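*Asks:* no FASTA, just this:
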């Protein structure tokens, strides 16, 4: 699953590929924001932990895998 996070005062968004469920990621985001945590911590598919300052988050987009999507030559 892909999670895109917009960061305040930054032109590019942060993209994280994770194996977590949509509900798990959504709960982590809502929990970090409602508890007043300093950072939102996510784990990517390679096991790396990514921390984003909660007060700098502009938006979050959570997209489930597009399993049937094909990209490249010969994609029909």
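*Replies:* Received the coordinates, thanks. Please read all numbers here as calculations on a predicted model, not as lab measurements. Numbers count the residues shown, from 1 in each chain.

*Asks:* which residue ranges form the strands in this structure?
*Replies:* With strands called from DSSP state E, the chain shows them at 2-7, 13-17, 39-43, 49-53, 57-63.

*Asks:* so what strands line up beside the last one?
*Replies:* Each strand that pairs with strand 57-63, with its direction, by DSSP bridges: strand 2-7 (antiparallel).

*Asks:* could you do the second one as well?
*Replies:* The partner list of strand 13-17 in its sheet, established with DSSP bridges, is strand 2-7 (antiparallel).

*Asks:* what's the angle between the partner strand and strand 49-53?
*Replies:* Between strand 2-7 and strand 49-53, the angle comes out at 30 degrees (axes from the mean of the first three to the mean of the last three Cα atoms, to 10 degrees).

*Asks:* hang on, the earlier thing: out of the strands of the chain, which comes closest to residue 23?
*Replies:* strand 57-63 (9.6 Å; Cβ to Cβ). The C-beta positions use only the backbone N, C-alpha and C, and glycine is treated the same way.
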